[in-house]
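Chemist: this is a predicted model, with the sequence first.
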Amino acid sequence: MAHTKSFSILTLANQYRFLSGLVLVSLVLLPYVIYLGLAGLTLFMGLVIYRNGPAVRSQLWHQGFVLLAVLLSFNAVWASFRGEALLQLANFLPFFVLFTTFCVFLGEAKSPVVTLDRWAMGLLLATVPINLLAGVEYWLRSPAMMAKLSQSDRWQDFYQRHYGHRAYMMFHHPNIMACFLIMVFGLALGLVLHRLNQHRSGQPLGTRGEWLGIGAALALVLAGIFFAGSRNGILIVAIQIVCFGLIARRHRFVAIAGLGSVITLVLVVGVMGIGGRTVSLGIFTHDPRVLVWQFAWDYMQQRPLSGWGLGSYKLMYVPDSVPNYANINHAHNFWITLAAEAGLPTTLAFTGIIGRLCYRGVRGIIQPIKAIAGNGVFIGYGLAFLGICLFCLFDVPIFDARINILGWLSLAGLYAAGQQLNLAQE
C-alpha cells in the first residue's frame, strides 16, 4: 500500500501539465481566496522538491539564499524584539524556496514561454472582476455618496475603514491593491509584446477576440490603479508604459497607443485628482514619508551592522512623531526599512543577490540569439518586477503574501530568460 501511495505521488510530481495548471489555478485564486492560493502553491513547492530536491537545494546554495537565510535568522535571534523578528521571517524564508522551485520548474520546461504566458494571462483575466468592482467602490466612497450613506446602519461597516476617495477591495489598503495591479499591468504588456513579436516572425497575429480581451482587461487594470488613488502607482505605471513604448518602437501603432495612454492618464489625474486629492506639488513636498525615512535613518546609524531586528520599526516608533500618525508599521522604503531592521550587511547581501539574478535575466533578454524565443513574455515579467522595485522605494508591500508571491514570480520569469540563454549557448 505504501509503495502504491509513493508511486502515485511521484507520478503526480512528474506531470508538468498538472504542476503548471496547479500554479495557474493558485494564482487566479490568490486575490480572492488567499489561503486556497497559498495551499496550492505550497503543494506545488512540495511536489517540485519531492521530484527534484537536489536541484532546489543546489540553487538555494549557489544563488546565495542560504547565506541570506542565515543572516536574517541571526538577526531575528539577536533582535531587540525577538518574537516579532522571528514572526517576520515568514515574509522572507518561504519565498526564497518558492522562487527557487519556480526557477527549477521553468528550467526543466521544454517551453517556459508557453507556461509563463498562460500564468500571465490567468492573472490578467483574474483582475477583471476586481477592477470592475473597484469602480463601484470608488463611486460609493465619493464624498457625495459617503455623506448620503454613512449615516445608515447598513453601511456602517463599509465606511468604518476610510482611506479617502480610494478603492481597495479585498486588499486591506489601496496601496496594496495598486501594487498588485502594477505587476499585473507589466505582465499584460508582455502578453501584447509577445504576440506582436510572433506576428513579426510570420506567425498568426491572433484572433480579434483575444486582442479585444487583452486590450479591455489592460484598460481595466489602468482604471483599477486610478481607482486605488495611489500616486506612486500612477507614476510607476506611466514609467512602465514609457519603457514598453521604447521596447516596442518598431510597432508604430503600439508605441503611439502607449503614448496616448500616458497622455490620457495625465489628463484624467489632472482633472479628477488622485484619490480625492488635487494634484499639486504639495502632495509630494509635504509627504510624511520624509520624516518616516529620517527616523529609520537614525535607527540605522545607531546599529548599522546588526540592525534592531525585523519588524522593529513599528514597535520603536513614538506615536504622533509624524503629526496625525499614531502608528506607522514601516519606513515606507524597503531598503531603508531593511537597513534599520536587519543592518547594512544583510541589506547589501539581499540587494546583491537580487541584482545578480536581474542581471542574468536582462542579459538573456538582450542577447541577439535566435534560439531564444518569447522575449516579449520575459520582458513582461521584467516590467512587473521593475514595478514592484519602484513601488518599494515608497512603500513596503511585502507584508501582503499576494504581493510577495507576485514579486518573486516576476523575478523568476525574468530569470528564466537567463536560463534560456544558457541553454542556447550550450
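Modeler: Perfect, I can see it now.

Chemist: make it CA atoms for all contacts and neighbour counts henceforth
Modeler: Noted.

Chemist: buried sites along the helix or strand where L187 lies?
Modeler: Assigned by DSSP states H and E, L187 belongs to helix 174-200. Buried positions in helix 174-200, judged by neighbour count with 16 or more other C-alpha atoms under 10 Å: 174-198.

Chemist: and for stretch 147-156?
Modeler: Buried residues in stretch 147-156, counting neighbours by 16+ other C-alpha under 10 Å, are found at L149, S150.

Chemist: with only the CA atoms kept, save it in CSV.
Modeler: This file holds the C-alpha atoms of stretch 147-156, laid out as CSV (Å, rounded to 0.1, in the frame of the first residue of the first chain):
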residue,chain,number,x,y,z
ALA,A,147,-22.3,61.8,3.1
LYS,A,148,-25.5,60.2,1.9
LEU,A,149,-24.9,56.6,3.1
SER,A,150,-22.5,56.8,6.0
GLN,A,151,-25.3,57.6,8.5
SER,A,152,-27.2,54.4,7.6
ASP,A,153,-26.6,51.4,9.9
ARG,A,154,-26.5,49.2,6.8
TRP,A,155,-23.4,51.0,5.5
GLN,A,156,-21.5,51.5,8.8
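
Chemist: and I365, what does it touch?
Modeler: The contact partners of I365, by C-alpha atoms under 8 Å, 6 or more residues apart in numbering, come to N375, F378, I379, A417, G418.

Chemist: now do the SS call for it.
Modeler: Reduced to three states with DSSP: H, G, I helix; E, B strand; the rest coil, the structure at I365 is helix.

Chemist: how close does it get to L246?
Modeler: 15 Å (C-alpha to C-alpha, to the nearest Å).

Chemist: I353 now?
Modeler: Here the criterion is C-alpha to C-alpha. By it, I353 lies 28 Å from L246.

Chemist: repeat for L193
Modeler: Distance from L193 to L246, by C-alpha to C-alpha: 12 Å.

Chemist: kindly report the same for F105.
Modeler: Note on F105: its distance to L246, by C-alpha to C-alpha, is 31 Å.

Chemist: so those two - more neighbours on which side?
Modeler: Shown here are F105 and L246; by other C-alpha atoms under 10 Å, F105 has more neighbours (22 against 13).

Chemist: so where do the helices sit in the stretch 101-250 of the chain?
Modeler: Using DSSP state H, counting those that start in this stretch, the helices of the stretch 101-250 of the chain run over residues 112-140, 143-149, 156-160, 174-200, 208-228, 231-247.

Chemist: between the ones you listed, which one is nearest to R17?
Modeler: helix 112-140 (9.2 Å; C-alpha to C-alpha).

Chemist: on that earlier part again, who wins for proximity to I328 among the helices of the stretch 101-250 of the chain?
Modeler: If you check each of the helices of the stretch 101-250 of the chain against I328 by C-alpha to C-alpha, helix 174-200 wins as the nearest, at 14.5 Å.

Chemist: tell me what the closest one is packed against?
Modeler: With contacts taken as 3 or more C-alpha pairs under 8 Å, 6 or more residues apart in numbering; DSSP states H and E, helix 174-200 sits against helix 112-140, helix 208-228, helix 231-247, helix 375-391, helix 401-425.

Chemist: nearest to A147, of those?
Modeler: Across the helices and strands packed on helix 174-200, A147 has its closest neighbour in helix 112-140 (10.0 Å, C-alpha to C-alpha).

Chemist: same for that closest one, what does it pack against?
Modeler: Here helix 112-140 touches helix 16-29, helix 174-200, helix 208-228, helix 375-391, going by 3+ C-alpha pairs under 8 Å, 6+ apart.

Chemist: and the second one with helix 401-425, angle?
Modeler: This means helix 174-200. Here the directions of helix 174-200 and helix 401-425 differ by 30 degrees (axes from the mean of the first three to the mean of the last three C-alpha atoms, to 10 degrees).

Chemist: tell me which element W297 is part of?
Modeler: Here W297 sits within helix 289-302, counting by DSSP H and E.

Chemist: which residues sit in contact with the residue nearest to R303 when sequence neighbours are not counted?
Modeler: Of all residues beyond its chain neighbours, the one nearest R303 is G343 (6.9 Å), with distances taken as C-alpha to C-alpha, 6 or more residues apart in numbering. Taking C-alpha under 8 Å, 6+ apart, we find G343 in contact with M300, R303, P304, L305, S306, G307, W308.

Chemist: so, low pLDDT: which residues of the stretch 1-150 of the chain?
Modeler: Filtered on pLDDT under 70, the stretch 1-150 of the chain yields the residue ranges 1-14.

Chemist: okay, the nearest residue in space to E84 that is not next to it in sequence and G355: tell me how far apart.
Modeler: Once flanking residues are discounted, E84 sits nearest to G311: 6.0 Å by C-alpha to C-alpha, 6+ apart. Using C-alpha to C-alpha, G311 is found at 24 Å from G355.

Chemist: okay, these two: which has more neighbours?
Modeler: Between G311 and G355, G311 has the larger neighbour count (other C-alpha under 10 Å), namely 27 against 12.

Chemist: can you tell me the SS state at the more buried one?
Modeler: With three-state DSSP as the basis, G311 sits in coil.

Chemist: where's the nearest residue to L29 once chain neighbours are set aside, which helix or strand?
Modeler: Distances taken as C-alpha to C-alpha, 6+ apart put G37 closest to L29, at 5.3 Å, once the chain neighbours are dropped. In the assignment (DSSP H and E), G37 maps to helix 34-62.
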